[in-house]
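coords please:
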Amino acid sequence: MTEERYLNGQFKGFMGPENHNWKGGRRLVDGYWYILVSNHPYTTKQGYVCEHRLVMEKKIGRYLTREEEVHHINGIKTDNRIENLMLFSNAAKHRHYEKTLDKSNRYCLLCGQKTYTDKKGHERWYFYRDGFICQKCYKIEKRRNK
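Now for the predicted structure:
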């Protein structure tokens, strides 16, 4: 559907497929796929919703609440298959689940370190390509990619 955009009564361009920058209504933000949805109660200011939330909503047949969180079982934020998603009623339950995961078999793909513990004694791992990297390497990569 083509929608014209006006600001203070002046034509400012087209929204949607008629816009020259249109990329299909799907964008990657912080590792998550966002989908343009026109009639969803919990969209961003730009009208997007996380794809994993939409997949979970379709499965359970209702909108998720703001408190509910969807977890990616394999750690890959772009893998939004329903069999890879797990629903938590709130952030506290999600954090508790994360703490119970066995991370002993992880090693950093960049430095090869078997376990990584931050200053507070917590293990911090970040998904990277087909594995994980430690927090130290994550910070280096983040600086490098700016």
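
so who does the residue most central in space within the chain touch?
Compute the mean C-alpha point of the chain, and by Cα atoms, centre = their mean the closest residue is Tyr32, 2.9 Å away. Tyr32 makes contact with Cys50, Glu51, His52, Lys77, Thr78 under the criterion Cβ atoms under 8 Å, 6 or more residues apart in numbering. (Glycine included, C-beta is placed from N, CA and C.)

mind doing that once more with 10 Å?
Cys50, Glu51, His52, Arg53, His72, Lys77, Thr78, Asn80 (Cβ atoms under 10 Å, 6 or more residues apart in numbering).

Met56 too?
So Met56 contacts Cys50, Arg62, Leu64, Glu68, Glu69, Val70, His71, Asn80, Ile82, Leu85, Met86, Leu87 (Cβ under 10 Å, 6+ apart).

now do Lys93 against Thr100, distance only.
Separation of Lys93 from Thr100 (Cβ to Cβ, to the nearest Å): 11 Å.

please identify which of these two sits among more neighbours.
Lys93 (15 against 6; other Cβ atoms under 10 Å).

which SS class is that one?
At Lys93 the chain is in helix, as set by DSSP: H, G, I helix; E, B strand; the rest coil.
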